[in-house]
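K.L.:
Requesting a structural model of the entry that follows:
(one chain, ligands or ions: 2)
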Amino acid sequence: MQNPAAPRRQSASPQKFGNMEVARPPQTAGKFVVVGGGIAGLAIHFPSEEILLVTASPVIKAVTNFKQISKVLEEFDVEEQPSTMLENRFPNIKVIECGVKQLKSEEHCILTEDGSQYVYKKLCLCAGAKPKLICEGNPYVLGIRDTDSAQEFQKQLMNAKRIMIIGNGGIALELAYEVEGCEVIWAIKDKAIGNTFFDAGAAEFLTSKLIAEKPEAKIAHKRTRYTTEGKKKEAGTKINAGNVGSALGPDWHEGLNLKGTREFSHKIHIETMCEVKNIYLQKDFRISKKKSLTFPRDDQNELVTTDKEIWPVYVELTNEKIYGCDFIVSATGVTPNIEPFLCGNNFDLGEDGGLRVDDHMHTSLPDIYAAGDICTASWQPSPFWQQMRLWTQARQMGWYAAKCMTAASLGESIDMDFSFELFAHVTKFFNYKVVLLGKYNAQSLGSDHELMLRCTKGQEYIKVVMQNGRMMGAVLIGETNLEETFENLILNQMNLSSYGEDLLDPNIDIEDYFD
Ligand SMILES: Cc1cc2nc3c(=O)[nH]c(=O)nc-3n(C[C@H](O)[C@H](O)[C@H](O)COP(=O)(O)OP(=O)(O)OC[C@H]3O[C@@H](n4cnc5c(N)ncnc54)[C@H](O)[C@@H]3O)c2cc1C
Ligand SMILES: NC(=O)C1=CN([C@@H]2O[C@H](COP(=O)(O)OP(=O)(O)OC[C@H]3O[C@@H](n4cnc5c(N)ncnc54)[C@H](O)[C@@H]3O)[C@@H](O)[C@H]2O)C=CC1
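P.N.:
Ligands and ions are numbered 1, 2, ... in the order given. Below is the predicted model:
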């Protein structure tokens, strides 16, 4: 049966009249058009509706082995698959592999880079985000986002003796632990590592792992599988240089050999409370007559000497120290991919540059929804939820956006999805399982809160954030098995004052206590 959603594409290029290229007339697509084949776009399912998925990357991300491990915590594997697999599985989905270059919101249509136009009834923008680099256009500054950029990083690392990592979030944490055989200078703005996930206590717990060699076997993590099949770009697929592929995810570095040219395992030096002041290419650095420093040794403390080695690039930090290196990784966050959709469209934008969406994932323009990294959640959130640009949130947003779009087209109303009640993230840092719940870093609680801690060096770190006797958030590092109990305690807001310190007493089986 012919898929009714499939718009007929005559030729790949725009029609030509003399020297003039004219875009082909609009093709009426299905009711729903989704832009982006990342985790948010792929979560958009309308079992009985026709969907046109327009995506710049030739492969799509599929969630497999999805498992709800508690009310809110989810685990799943992620596979890259060719888009044909999606069409085979879901005959109501038609995939167009082409970047969108323009949105005409008043005419309800999108224009793709091959000159085609598609009319939508409802549109969901899931074009993700791209790395926010400290120095755009500098060939020695790399960002990591998709398969191609990760491979480029690996290629450059293979010939590197020293790299610099700038930034203190997820990517920097992972690289600092994974890179071997290469000196790493990690410059962070904060006092302690991992500021987007941890406070100084948790950072200290983890740091011991960083400076140690890596003797232990990696723990298996559920959301790990990342197939390589189907990754090659199919012949004839054009990707505009400005378009990135889908973002990598958990254990993206598995299968990549993150090893430099040296024989040692780990060699890392952390420069705290500083930013990048200047980046010099080799020639400019020579002219500047400035001096760079050798790699600081543990026993030298601040006693570093002038580096005799010549490096391709030099980084001057705001603490006045200068280090040479082979290249710089800018792991400094992301910027939502909104450019193609802005021209002529008056979207409300969030402070972080995302498309503002309300509690129904609706943007400020009629019939346009957004989900995942591209959007900025602008509803009044639950007291235990905050937006972070993560797989789980992208998947939940996509899934919920689909429900909202269907309900709106049927004129029905729909309640906010339960997954937005509680922030819950499970991941792995430094080979530890890490679970973050609610206001895990006392975000927006001011000084009116207290912390309870339990820490067994090398084994587990547990922190709970309490306010007025109620649990507001928690950080669980290691195999604590406390996530489900704590999730319930945060959600039900039980007054825990009478339990005091017993709450974290290792001799009390807290799971049974609150059953
Ligand atoms: C290195 C790395 C590691 C990560 N690790 C984790 C982790 O361990 N846990 C976690 O929870 N999160 C992790 N994340 C974050 C997570 O990957 C993202 O939050 C999530 O993938 C965002 O999904 P998305 O669908 O919104 O965007 P994306 O995955 O970026 O997908 C966007 C899609 O839109 C397409 N697109 C872009 N522009 C256009 C256009 N103009 N026209 C058509 N299509 C377009 C792209 O090709 C892509 O298919 C990681 C991110 C990175 C970069
Ligand atoms: N295990 C996980 O959950 C992982 C999640 N991710 C996600 O992938 C995305 C990209 O990761 P990251 O780039 O690490 O972003 P991030 O948002 O996690 O961290 C960005 C870091 O860069 C710092 N920073 C910003 N501008 C800076 C500047 N000019 N100079 C110095 N530091 C600066 C910030 O303070 C912050 O520490 C994020 O959404 C992140 O949540 C990435 C890797 C692992």
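K.L.:
Would you map the helices across the stretch 101-250 of the chain?
P.N.:
Ranges of helices in the stretch 101-250 of the chain, per DSSP state H, counting those that start in this stretch, are 147-157, 170-178, 200-211.
K.L.:
The closest residue to G350 other than its chain neighbours: what's it in contact with?
P.N.:
Closest residue in space to G350, ignoring its immediate chain neighbours: T376 at 2.7 Å, by Cβ to Cβ, 6 or more residues apart in numbering. No exception for glycine: its C-beta is placed from N, CA and C like everyone else's. If a contact means Cβ atoms under 8 Å, 6 or more residues apart in numbering, then T376 has 336, 349-357, 387 as its contacts.
K.L.:
wait, which of these is closest to E174?
P.N.:
Q387 (20.9 Å; Cβ to Cβ).
K.L.:
For the closest residue to that closest one other than its chain neighbours, give the beta-bridge partners.
P.N.:
Spatially, and ignoring its direct neighbours in sequence, Q387 is nearest to A377 (4.3 Å; Cβ to Cβ, 6+ apart). Bridge pairing for A377 (DSSP bridges) gives the partners V357.
K.L.:
What is the neighbour count of A377?
P.N.:
19 (other Cβ atoms under 10 Å).
K.L.:
pretty sure it is touching L355, no?
P.N.:
No. Judged on Cβ atoms under 8 Å, A377 makes no contact with L355 at a distance of 10.5 Å.
K.L.:
Name the residue of the chain that lies nearest to ligand 2.
P.N.:
Residue of the chain nearest ligand 2, by Cβ to the nearest ligand atom: G169 (1.9 Å).
K.L.:
give me every residue that touches the closest residue in space to C343 that isn't next to it in sequence.
P.N.:
Once flanking residues are discounted, C343 sits nearest to Q102: 6.2 Å by Cβ to Cβ, 6+ apart. By Cβ under 8 Å, 6+ apart, Q102 lies in contact with 110-111, 340-341, 343-344.
K.L.:
hmm, try it at 10 Å
P.N.:
23, 109-113, 117, 340-345 (Cβ atoms under 10 Å, 6 or more residues apart in numbering).
K.L.:
So what sits opposite it in the bridge?
P.N.:
L111.
K.L.:
does any bit of stretch 135-151 sit next to ligand 1?
P.N.:
Yes. Counting by Cβ under 6 Å from any ligand atom, ligand 1 has neighbours in stretch 135-151: 144-145.
K.L.:
Can that stretch be said to contact ligand 2?
P.N.:
No. Using Cβ under 6 Å from any ligand atom, stretch 135-151 stays clear of ligand 2, coming no nearer than 7.7 Å.
K.L.:
Distance from that stretch to the middle of the chain?
P.N.:
15 Å (Cα atoms, centre = their mean, to the nearest Å).
K.L.:
how much space between S378 and M361?
P.N.:
10 Å (Cβ to Cβ, to the nearest Å).
K.L.:
shared neighbours, these two?
P.N.:
Counting by Cβ under 10 Å, 6+ apart, the residues touching both S378 and M361 are L355.
K.L.:
So which of those two has more stuff around it?
P.N.:
M361 (26 against 18).
K.L.:
which residues sit in contact with the residue nearest to the more buried one when sequence neighbours are not counted?
P.N.:
Spatial nearest neighbour of M361, excluding adjacent residues (Cβ to Cβ, 6+ apart): A401 at 3.9 Å. For A401, the residues meeting the contact criterion (Cβ under 10 Å, 6+ apart) are 34, 40-41, 43-44, 122, 124-126, 357, 360-362, 369-372, 375, 417.
K.L.:
Please report the distance of A401 from ligand 1.
P.N.:
The gap separating A401 from ligand 1 is 11 Å, by Cβ to the nearest ligand atom, to the nearest Å.
K.L.:
What are the buried residues along stretch 448-459?
P.N.:
452, 454-455 (16 or more other Cβ atoms under 10 Å).
K.L.:
Filter those down to just the ones in helices.
P.N.:
Members of those lying in helices (criterion: DSSP state H): none.
K.L.:
Can you work out which residues contact both of A377 and L355?
P.N.:
By Cβ under 10 Å, 6+ apart, the residues touching both A377 and L355 are M361.
K.L.:
next helix or strand past the one helix or strand K403 maps to?
P.N.:
Per DSSP states H and E, K403 falls inside helix 391-410. Using DSSP H and E, the helix or strand that follows helix 391-410 in sequence is strand 424-429.
K.L.:
buried set for that following strand?
P.N.:
Buried residues in strand 424-429, defined by neighbour count with 16+ other Cβ under 10 Å: 424-429.
K.L.:
Closest to ligand 1 out of the residues you listed?
P.N.:
Looking across the buried residues of strand 424-429 and measuring by Cβ to the nearest ligand atom, the closest to ligand 1 is T427, at 5.0 Å.
K.L.:
ok, for that closest one, nearest residue in space, not its chain neighbours?
P.N.:
V434 (5.2 Å).
K.L.:
was I right about that neighbour contacting V426?
P.N.:
Yes. Assessed by Cβ atoms under 10 Å, V434 is found in contact with V426 at 7.2 Å.
K.L.:
Put the alpha carbons of the helix or strand where K277 lies into CSV.
P.N.:
For K277, the host element (DSSP H and E) is strand 276-281. Taking Å, rounded to 0.1, in the frame of the first residue of the first chain, the C-alpha atoms of strand 276-281 are listed here in CSV:
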residue,chain,number,x,y,z
VAL,A,276,40.5,31.3,28.7
LYS,A,277,41.9,34.8,28.2
ASN,A,278,43.7,34.3,24.8
ILE,A,279,44.4,31.5,22.3
TYR,A,280,47.6,32.0,20.3
LEU,A,281,48.6,30.0,17.2
